[in-house]
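[1] How does the following fold in three dimensions:
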Amino acid sequence: MMTFAQLIRQLGDVLRFRRTTAELRKIFGPALDSEIETIRMLSKLRQPAGISAIVPYLYHDVASLRRTANEAIAALLQEVSPRRYVVLDQQVRAVRWMRGEHVQRPIMNERVERLLRDEATPTRLVIAAMYADGHVRHRAVRLLAGSDDVSAALPMLVVRCNDWVAQVRNSATRAVRGLIKHENAAHFISNLYLVDRLTVCGRADHHPLVKDILLFLKRPECIPQLVDALQHKDPFACRICYRLLAESAQVGPQMLWQASQLSFDPIVRMRGLRDASNRLRGESLYDAMSQAIADPNLPHRRIALQTIVASFPEGARAHLYRALFDKHASMRQLARYELRLREADIDFRGIYIAALHSPRPNQQAAAIAGFGECGESEDIAALRGFLDHADPGIRSESLRALFRLDPDAFREPALAALEDPSDGVIRTAARLLDGKLQANDLPALERVLSLANGPVAALGSLRLIGQFRNWTAAAILLEHCRHPVECFAQAAMDIFWNLWYRRLGHLPVGSMAELDRAEAALGRLAGLRSKYEMDAVAADIRAMRRVAQSD
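    Next comes the predicted model:
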């Protein structure tokens with residue numbers, strides 16, 4: 001019987017359980033004392049790591065346990081990606097397949113083969129194909145070759161093509177070749193990672209098999225499946241499918257471009273953009289690049305704009321003006337550079353001023369950012385009012401622009417922004433203050449830390465405090481090593497020992513009050529760090545105390 005303690009021990013680390021036994025029992029209830037209910041619970045967790053815990057029950061003497069285990073593993077196999085099959089194969093092979101009394105290997109093998117003969121479900125065959133005994137694997141592979149469930153059989157057959165037993169390897173290779181049919185194209189596409197992996201496996205020469213599969217997928221009747229696969233959730237399959245489409249004589253440049261832009265994978269879209277810029281001409285190229293300028297990824301927008309500027313200089317002006325209000329600084333800089341080549345006296349500052357009160361928040365934020373890049377210190381008054389804007393994106397951009405125009409004058413507003421309700425504004429303020437703090441900023445940071453309205457503000461303040469090289473900062477960090485929130489306490493410890501203490505070129509001199517505060521905070525940390533580390537800090541405090549007394 002699988003007890004509750006065994007379940008937690010087997011799956012605690014893998015499933016990221018961070019709760020006590022009492023808490024878990026409160027969540028799942030007494031049903032965990034039943035083996036069947038435990039198996040069903042593992043199935044509901046939808047974690048493939050639970051398969052290895054259920055496998056022994058797949059060949060249990062009790063039929064109800066076998067059925068429940070078969071249903072659970074069948075559901076969990078739906079969550080296993082092709083990349084995971086290789087790891088799962090190793091995990092299942094190492095499982096002790098029979099629970100309870102010790103069972104000799106010949107008896108175990110006979111029981112498994114009998115169940116394969118009498119209850120040969122696709123799930124049982126897939127798991128048996130991972131069995132440690134080669135005879136069992138060979139029988140499972142031959143039965144999988146005739147299975148109607150190709151989606152379940154194919155990934156395991158491809159893995160077994162590199163089996164260390166020649167008979168198993170040859171049977172799996174013949175089975176995979178027998179599945180190369182038009183109706184199975186989608187299944188091969190889903191498992192392209194495993195197919196491509198065969199090219200680096202050395203137990204046999206798999207290149208002929210891989211070549212036949214790829215040639216099959218490039219046939220005209222498989223082109224629609226390849227196009228659909230560009231939207232596959234597995235990026236590896238997306239990229240191989242794009243490569244096959246690019247190599248196919250049946251796919252023209254325009255069709256390849258349109259198909260690539262439907263992909264969720266930015267690498268596929270980038271390859272489509274590169275191919276379009278090389279293979280398309282005239283109006284088709286202009287339309288393609290005009291479409292790519294709206295891509296959410298910066299590299300796509302930049303390449304598209306550069307292609308339009310180089311190939312269609314007469315039609316580039318409108319795109320360059322729109323790029324002045326791009327959300328990324330490099331696009332705005334490229335647009336200003338190209339427009340300056342065309343109009344030496346163009347007034348970018350006036351363009352951005354005119355758009356400061358745009359009704360569109362994205363354009364308004366870009367105008368504020370551009371104004372900060374092109375403006376001068378006397379333009380600060382025009383931006384100051386946006387620090388209190390309702391939109392957090394506009395508050396972030398205005399703070400960044402003002403800090404760029406006059407960092408000394410807006411260090412205090414940046415410190416105040418650490419108390420902003422928006423995490424985005426807090427991150428912007430922390431990045432602006434990084435490396436630009438002054439000695440009198442530490443009390444303000446300590447106040448922000450005491451009033452922190454969330455983890456982003458607290459962690460940002462701790463990192464900034466860690467940049468001060470004095471014993472007050474050390475005391476603040478040490479005091480937060482016992483914070484009731486675990487992530488704050490861990491961050492404070494990491495920042496003190498890794499950022500403050502270990503990076504000191506020399507120990508800072510402190511006042512007696514500072515050293516007393518640091519020593520008191522250190523005394524409350526017994527047991528958190530090694531005795532060697534604690535004693536080293538205590539010795540440094542005593543040394544600095546002697547220096548302070550001598551002064």
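[2] Contacts for whatever helix or strand V268 lives in, please.
    Using DSSP states H and E, V268 sits within helix 266-279. By CB atoms under 8 Å, 6 or more residues apart in numbering, the surrounding residues in contact with helix 266-279 are 230, 235, 238-239, 242, 246, 253, 256-257, 259-261, 263, 285, 288-289, 292, 295, 297, 299-300, 303-304, 307. The way it works is simple: take the backbone N, C-alpha and C, and place the C-beta from them, glycine included.
[3] And stretch 400-416, by the same measure?
    Residues contacting stretch 400-416 (CB under 8 Å, 6+ apart): 368-369, 371-373, 375-377, 379-380, 383-384, 387, 399, 428-429, 432-433, 436-438, 441, 444-445, 448.
[4] swap in stretch 326-334?
    When contacts are defined by CB under 8 Å, 6+ apart, stretch 326-334 is touched by residues 298, 301-302, 305-306, 323-325, 335, 362, 365-366, 369-370, 373.
[5] May I ask which two of those are separated the most?
    Using CB to CB, the pair of the contacts of stretch 326-334 lying farthest apart is Q306 and A365, separated by 24.0 Å.
[6] Which one's more surrounded, the two?
    A365 (24 against 15; other CB atoms under 10 Å).
[7] Mind telling me what element that one is part of?
    helix 361-374.
[8] distance between that helix and the chain's centre?
    30 Å (CA atoms, centre = their mean, to the nearest Å).
[9] contacts for the helix or strand just after it?
    Next along the chain after helix 361-374, taking DSSP H and E as the criterion, comes helix 380-384. Here helix 380-384 makes contact (CB under 8 Å, 6+ apart) with 353, 356, 368, 371-372, 375, 398, 401-402, 405-406, 409.
[10] Show me which positions of helix 380-384 end up buried.
    Residues of helix 380-384 classed as buried: 380, 383 (neighbour count, 16 or more other CB atoms under 10 Å).
[11] what do you get for stretch 113-125?
    Buried residues in stretch 113-125, counted by 16+ other CB under 10 Å: 113, 115-116, 120-125.
[12] for the chain, what are the low-confidence residue spans?
    Where the chain drops to pLDDT under 70, the residues are 1-34, 96-111, 118, 452-453, 551.
[13] if you set the cut-off to 50 instead, what comes out?
    Applying pLDDT under 50 to the chain flags residues 1-5, 8-10, 12-24, 31, 98-103.
[14] Tell me which residue is most central in it.
    P235 (12.9 Å; CA atoms, centre = their mean).
[15] Contacts only, for that one.
    Counting by CB under 8 Å, 6+ apart, P235 has contacts 265, 267-268.
[16] Quick check: buried residues in the helix or strand that the helix holding V268 is followed by?
    The first helix or strand that comes after helix 266-279 along the chain, using DSSP H and E, is helix 282-292. Going by neighbour count (16+ other CB under 10 Å), the buried part of helix 282-292 is 285-286, 288-292.
[17] what's the answer for stretch 210-230, then?
    For stretch 210-230, the neighbour count (16+ other CB under 10 Å) marks 210, 213-214, 216-218, 222-223, 225-227, 229-230 as buried.
[18] Among those, which one sits closest to P155?
    Closest to P155, out of all of the buried residues of stretch 210-230 and judged by CB to CB, is I213, at 13.3 Å.
[19] Find the nearest non-adjacent residue to the closest one, please.
    V195 (5.5 Å; CB to CB, 6 or more residues apart in numbering).
[20] which helices and strands does the helix or strand that contains the one you found pack with?
    Assigned by DSSP H and E, V195 belongs to helix 192-197. With contacts taken as 3 or more CB pairs under 8 Å, 6 or more residues apart in numbering; DSSP states H and E, helix 192-197 sits against helix 82-93, helix 150-160, helix 207-217, helix 235-247.
[21] TSV please, covering the ones you listed and showing distance to Q549.
    Shown next, in TSV, are these (distance: least, CB to CB, whole Å):
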stretch	distance to Q549
helix 82-93	62
helix 150-160	72
helix 207-217	77
helix 235-247	64
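[22] ok so, going back, the buried residues of stretch 210-230: which two are farthest apart?
    Comparing every pair within these by CB to CB identifies V210 and V227 as the most remote, at 21.6 Å.
[23] Can you give me the neighbour number for R84?
    By other CB under 10 Å, the residues close to R84 number 17.
[24] And for L451?
    L451: 12 neighbours (other CB under 10 Å).
[25] Apart from its neighbours in sequence, what residue is nearest it?
    Leaving aside its sequence neighbours, L451 sits nearest to E419 (CB to CB, 6+ apart; 6.4 Å).
[26] from what I can see the one you found touches S450, true?
    No - using CB atoms under 8 Å, E419 is not in contact with S450, being 10.7 Å away.
[27] These two: who's more crowded?
    More neighbours surround E419 than the other of E419 and S450, with 16 against 10 (other CB under 10 Å).
[28] Tell me the secondary structure of that one, please.
    Under DSSP: H, G, I helix; E, B strand; the rest coil, the three-state class of E419 is coil.
[29] Buried residues of stretch 359-370, list them for me.
    Quick answer for stretch 359-370 (16+ other CB under 10 Å): 363-370.
[30] element containing A74?
    With DSSP H and E as criterion, A74 is part of helix 63-77.
[31] Quick check: closest non-adjacent residue to S511.
    In space, S511 comes closest to A548 once its chain neighbours are excluded; the distance is 6.4 Å by CB to CB, 6+ apart.
[32] Run the chain-centre distance for stretch 173-188.
    Per CA atoms, centre = their mean, the displacement of stretch 173-188 from the mean C-alpha position of its chain is 32 Å.
[33] ignore the last one, stretch 311-326
    Here stretch 311-326 is found 34 Å from its chain centre; the criterion is CA atoms, centre = their mean.
[34] do stretch 433-452 as well
    Stretch 433-452 has its C-alpha centroid displaced from the chain centroid by 32 Å (CA atoms, centre = their mean).
[35] other SSEs contacting the helix or strand L522 falls within?
    Using DSSP H and E, L522 maps to helix 512-523. When contacts are defined as 3+ CB pairs under 8 Å, 6+ apart, helix 512-523 sits against helix 471-479, helix 531-550.
[36] Tell me which of these is the most buried.
    The highest mean neighbour count among the helices and strands packed on helix 512-523, using mean count of other CB atoms under 10 Å, belongs to helix 471-479: a mean of 24.
[37] ok, now which ones touch E376?
    L405.
[38] then stretch 505-519 to CSV, C-alphas only?
    The C-alpha coordinates for stretch 505-519 follow below in CSV (Å, rounded to 0.1, in the frame of the first residue of the first chain):
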residue,chain,number,x,y,z
GLY,A,505,37.8,46.4,-0.5
HIS,A,506,38.4,47.5,3.1
LEU,A,507,36.3,47.6,6.2
PRO,A,508,34.5,50.9,6.6
VAL,A,509,35.0,52.9,9.8
GLY,A,510,31.8,53.4,11.8
SER,A,511,30.5,55.3,14.8
MET,A,512,29.9,53.5,18.1
ALA,A,513,26.2,53.8,17.6
GLU,A,514,26.4,52.2,14.1
LEU,A,515,28.6,49.4,15.3
ASP,A,516,26.3,48.8,18.3
ARG,A,517,23.3,48.5,16.0
ALA,A,518,25.1,46.1,13.7
GLU,A,519,26.4,43.9,16.5
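[39] Just the buried residues of it, please?
    508, 510, 514-515, 517-519.
[40] From those, pick the one nearest R142.
    Taking CB to CB as the measure, R142 lies nearest A518 of the buried residues of stretch 505-519, at 72.3 Å.
[41] How about that closest one, nearest residue that isn't a chain neighbour?
    A475 (4.2 Å).
[42] Tell me where the stretch 351-500 of the chain has helices.
    Using DSSP state H, counting those that start in this stretch, the helices found in the stretch 351-500 of the chain span residues 361-374, 380-384, 392-405, 411-417, 423-433, 442-450, 455-465, 471-479, 486-494.
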